[in-house]
Each structure stands twice: as C-alpha cells, then as structure tokens.
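J.: Give me a 3D structure for the following:
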Amino acid sequence: MTRLVNKPFSQACENNKAPILAVLEQHLVGISALLEIGSGTGQHAAFFAARMPHLVWQASDRSHHLAGIRIWQQEAALPNLPPPLELDVNDWPWPVDKTGAVFSANTAHIMSWPEVERLIAGVGRVLLPEGRFLLYGPFRYDGRHTSDSNACFDQMLHERDPDSGVRDVESLMLHADRAGLEILADHPMPANNRTLVWRRRP
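T.: Numbers count the residues shown, from 1 in each chain. Here you go, the predicted structure:
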C-alpha cells in the first residue's frame, strides 16, 4: 500500500523567502547551478527556482523529507528544478560533485556541531573556485545572542537536543577558512536572523 504524503508547509519559510531572495539575487549573479542542503519542506526550492530561471536549483535532504519536497516540485513544474537528492552531510561523497553555489537555511542550529563541521568541509570540497556558500539562520557573536528571543530559542533547542544550538559566527568562520572559504558578507535579516556569505578561494 502506498502511504499518502501530505504537502508540508513551514510558516517560517513563507515569512523569510522574500528577504532571502533579495540576498540570493545579489550574490548569485553569473552562477548557473546551486545545491540546497536541508531543503526541508521544499518551499524555498520552488519559490527561488521560479524567480531565478537562470539557476538550476538542486534541492537535497535526508530521505524522510524527499517525498514532501517532490510535492512542491511537481506543483511548480519548473525546468530548472530537478528531483531532490538524498544528502546527509555525514555521508561522503555527496551526490553532487561540483556546483557554483551552496545554500542552506535554518540547519546549523539543528545539526550537532560535528555535523556543522562536516557541512562546511563538504561545501569546501564541492564548490567551484569563486563559488558562493550562503548560510541563513540565527547566530551568536563572541558567545552572545543578538536578541532575547534568540537566547530563548537556543535554550529550547538545548532542552530538546543537547547537541543542537545557535552557533557562534567566529567558530563558523574558523572552519570556513580551513575549508578554503573567505567571508564576503554578513547580512542582517528579519526576526534576528543573518545570512552569511562565503566565497571559495581560487
């Protein structure tokens, strides 16, 4: 018997898609292929691919998310939105060999820290020279939260899973540098989030 899959929906994706799009459009000029890691519901993939037709948007996630992502993709019916790939940052090699850009939203605080390290290292391996890595979410600076709401969110994450939590930008920068990435921009976003943008060194 085939199990029916309900179309997934995230209000957070609905709220942040337009501000994120503005940042993506700024940094993805001339890039023709992007890998999204942790596509979740698939909303971002469908929305961004429709508005950037020059860009092949490759969604990916762990296996249990793929059916929901396919629903959004089938409804969008876009030529630049191929079927989602199964990708777990812990499993190397990844199913994409090289790409011009990598995007990931609201993943670093859900992953364990070793998984974040593997995410950044993997991005460094698959990005083409001058490629872009865009990471969206809440972050800390010098160990401090940027808002009381982020501090409460961090506490909730730790209570649910001690390995998760809002990450320090300085630690991310250190591992990005080791992976051959240099920081280009740190964009403030609504709801006390940020979008960090790195470039792969030539």
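J.: contacting residues around residue 190?
T.: 15, 16, 19 (Cβ atoms under 8 Å, 6 or more residues apart in numbering). Just so you know, the C-beta spots here come from the backbone N, C-alpha and C atoms, and that holds for glycine as well.
J.: Report the buried residues of the longest strand belonging to the chain.
T.: As assigned by DSSP state E, the longest strand anywhere in the chain is strand 127-137. Under the neighbour-count criterion of 16 or more other Cβ atoms under 10 Å, strand 127-137 has 127, 131, 132, 133, 134, 135, 136, 137 buried.
J.: ditto for stretch 13-33
T.: So stretch 13-33, judged by 16+ other Cβ under 10 Å, has buried residues 13, 16, 17, 19, 20, 23, 24, 27, 28, 31, 33.
J.: Which strand residues bridge the most centrally placed residue in the chain?
T.: The C-alpha lying nearest the average C-alpha coordinate of the chain belongs to residue 104 (Cα atoms, centre = their mean; 0.5 Å). Beta bridges link residue 104 to residue 135 when assigned by DSSP bridges.
J.: tell me the pLDDT at it?
T.: For residue 104, the pLDDT comes out at 98.
J.: Contacts only, for it.
T.: With Cβ under 8 Å, 6+ apart, residue 104 has these contacts: 36, 37, 38, 119, 134, 135, 136.
J.: as a whole number, average confidence for the longest strand of the chain?
T.: Rounded mean pLDDT across strand 127-137 is 98.
J.: Tell me the helices and strands packed up against that strand.
T.: helix 11-27, strand 99-105, strand 181-189, strand 193-200 (3 or more Cβ pairs under 8 Å, 6 or more residues apart in numbering; DSSP states H and E).
J.: So what are the sheet partners of the helix or strand just after that strand and their directions?
T.: Downstream of strand 127-137, the first helix or strand assigned by DSSP states H and E is strand 139-141. Strand pairing for strand 139-141, using DSSP bridges, gives strand 144-145 (antiparallel), strand 167-168 (parallel).
J.: chain center to strand 139-141, what's the gap?
T.: Strand 139-141 sits 17 Å away from the centroid of its parent chain (Cα atoms, centre = their mean, to the nearest Å).
J.: ok so, going back, okay, the residue nearest to the centre of the chain and residue 88: tell me how far apart.
T.: 13 Å (Cβ to Cβ, to the nearest Å).
J.: Show me the shaky parts of this protein.
T.: 1-4 (pLDDT under 70).
J.: Now residue 82: which helix or strand?
T.: Using DSSP H and E, residue 82 falls outside every helix and strand.
J.: on that earlier part again, list the contacts of the longest strand of the chain.
T.: Under Cβ under 8 Å, 6+ apart, the answer for strand 127-137 is 16, 20, 23-24, 27-28, 31, 98-109, 123, 166, 172, 176, 181, 184, 189, 193-202.
J.: Can you give me the neighbour number for the spatially closest residue to residue 110 that is not a sequence neighbour?
T.: Sequence neighbours aside, residue 164 is the residue nearest to residue 110 in space, at 5.6 Å (criterion: Cβ to Cβ, 6 or more residues apart in numbering). Neighbourhood size, residue 164 [other Cβ atoms under 10 Å]: 20.
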